[in-house]
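Student: compute the structure for the input listed below.
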Amino acid sequence: MNLQGGNVVGIGTDICPVERIASARARHGQAFLDKVFTPAEQKLCLAKGDPDASLAARWAAKESVSKAFGTGIGEALYLTSIEVLEGPQGAPVVHLDAKGSALLQAHGGTEILLSLSHDGGMALAYVAIIQRK
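Tutor: Coordinates of the predicted model:
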């Protein structure tokens, strides 16, 4: 991660038990997935060997982005406003809808850096909103 020529204008982190996502998916099925994850996120995660861990990491990422913006999830930013996919080399990449893009611009940010991890039944995300000069 190269921050040369840039400033951090927001940070956020979140941790999510994988079982929480597995339980919600078991109880609510596709309705839960559609409320929380974009179709592209669902396709990516459900193709993995441990889809609930991947979904939990994305839940944590969405919460982390909302914390970095200082808004939380709600009217200002929906869960599906934040999409976490994979870049060309497999690293997580954040895509924002119009609401998310407006918040990024309002914060003076130009990009969002994201790190994800899951182990021991927990998923973790860390976000930095960067302003490149």
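
Student: list the buried residues in stretch 115-124.
Tutor: Neighbour-count burial for stretch 115-124 flags 115-116, 118, 122-124 (criterion: 16 or more other CB atoms under 10 Å). All C-beta spots, glycine's among them, are computed from the backbone N, C-alpha and C.

Student: what's it in contact with?
Tutor: Residues outside stretch 115-124 that contact it (CB atoms under 8 Å, 6 or more residues apart in numbering): 13-19, 21, 50, 53-54, 56-61, 84, 92, 125-126.

Student: before we move on, what about stretch 126-133?
Tutor: With CB under 8 Å, 6+ apart, stretch 126-133 has contacts from 3, 5-13, 61, 64-65, 67-69, 94, 104, 107-115.

Student: now list the buried members of these.
Tutor: Listed as buried from these are 6, 9-10, 12-13, 61, 64-65, 67-69, 94, 104, 107, 109, 112-115; burial here means 16+ other CB under 10 Å.

Student: nearest to R25, of the buried residues of stretch 115-124?
Tutor: Using CB to CB, A123 is the member of those that lies nearest R25, at 13.7 Å.

Student: centroid-nearest residue for this structure?
Tutor: A61 (2.8 Å; CA atoms, centre = their mean).

Student: ok, it touching A125?
Tutor: Yes. The criterion here is CB atoms under 8 Å, and A61 meets it with A125 at 4.0 Å.

Student: okay, and the common contacts of the two?
Tutor: 14, 114, 116.

Student: mind giving me JSON lines with those and columns for distance to G29?
Tutor: Shown next, in JSON lines, are those (distance: CB to CB, whole Å):
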{"residue": "D14", "distance to G29": "24"}
{"residue": "L114", "distance to G29": "27"}
{"residue": "L116", "distance to G29": "24"}
